[in-house]
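**Student:** Turn this into a model:
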Amino acid sequence: PPSPPAPTPAPPMHPALLFSLLLLGPRWVAQGIHFDLNARAQKCLGEEVEANDLVVAKYKSMDGRTLTVTVTDTAGQQLHSKTTSSGKYTLTAKRNGEHRTCFFNTEALPTTVEFEVKRGIGAKDYSDIAQKDSLKPLELELLRLEDIIKYIQEEFKRLEENESEQARINASTNSRVFWLSIFSMLCIVGVNAGQIYFLVQYVPTPTILIHHFSCCRMGYAFRCIFSSDIDILATLVGLQVFSR
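**Tutor:** Model prediction:
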């Protein structure tokens, strides 16, 4: 009998879409860790979350110890608090920034904590959606790809907004540095002009004044105008000696 036709391979993913998934993937792939927690001790973990991101986390004490778990956002608002040996929480971030999850061991024995957190698309339960809407596997896969594309578009839009904000901050900083430099130069000119004015007021004879500005006759006009404090101080001391 003739052999059955080979299944048609799935079309390859577009390189740009694949690169975007690799670039943005860590933001929605599940992250699970284990850590030790001493008796009556607390440990906090931070996670950078964007506004409107869905966050789903599971936690469990491997030894069955009782834990007090609290979640706070970047403004210090408490989003979740529970005392149990295992549990989960689901929340939608209202602010950008670090969200902290703190674990406190209420018992007098150490324990090992298992913590798994999902964000964005990774936090969405597609199996539950398929059961509710009676979706076929192909329809479910298309829905998942549609969500991924929307998420990538939102990420690129967010990156463009951040780039525009950074450009605005750089332009503002450059403008402030420019005007600060102009102000500093004006202050230097004013201080040196004041020094020259008071020097002229204290000179009793024009001979010492000519001697002090003898550099002008050698072509050092700039140094003559902007003489240092040491030169002026030395001149004033000479004036006092001369007056005696």
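
**Student:** tell me which helix or strand of the chain sits lowest on mean pLDDT?
**Tutor:** Scoring the helices and strands of the chain by mean pLDDT, DSSP states H and E places helix 221-225 at the bottom, with a mean of 43.

**Student:** now residue 97, which residues is it bridged with?
**Tutor:** Note on residue 97: beta-bridge partners by DSSP bridges are residue 49.

**Student:** Centre-most residue in the protein?
**Tutor:** Among the residues of the chain, the one closest to the centroid is residue 97, at 8.9 Å (Cα atoms, centre = their mean).

**Student:** pretty sure that residue is touching residue 76, no?
**Tutor:** No - with contact defined as Cβ atoms under 8 Å, residue 97 does not reach residue 76; the gap is 10.7 Å. In this view, the C-beta of every residue, glycine as well, is placed from N, C-alpha and C.

**Student:** which residues does residue 115 contact?
**Tutor:** Residue 115 sits next to 32-35, 45, 57-59, 101, 103 when contact means Cβ atoms under 8 Å, 6 or more residues apart in numbering.

**Student:** What distance do you get for it to residue 67?
**Tutor:** 10 Å (Cβ to Cβ, to the nearest Å).

**Student:** Equivalent analysis for residue 172, please.
**Tutor:** Distance of residue 172 to residue 67, given as Cβ to Cβ: 47 Å.

**Student:** for residue 123, same thing?
**Tutor:** 22 Å.

**Student:** number of nearby residues for the nearest residue to residue 75 once chain neighbours are set aside?
**Tutor:** Closest residue to residue 75 apart from its sequence neighbours, by Cβ to Cβ, 6 or more residues apart in numbering: residue 95 at 6.1 Å. By the criterion of other Cβ atoms under 10 Å, residue 95 has 14 neighbours.

**Student:** Check what pLDDT residue 95 gets.
**Tutor:** Per-residue confidence (pLDDT) for residue 95: 87.

**Student:** residues making contact with stretch 80-95?
**Tutor:** By Cβ under 8 Å, 6+ apart, stretch 80-95 touches 49-61, 64-71, 73-75, 79, 99, 106, 123.

**Student:** Which strands border the one helix or strand residue 33 maps to, and is each parallel or antiparallel?
**Tutor:** According to DSSP states H and E, residue 33 maps onto strand 31-37. Strand pairing for strand 31-37, using DSSP bridges, gives strand 111-119 (antiparallel).
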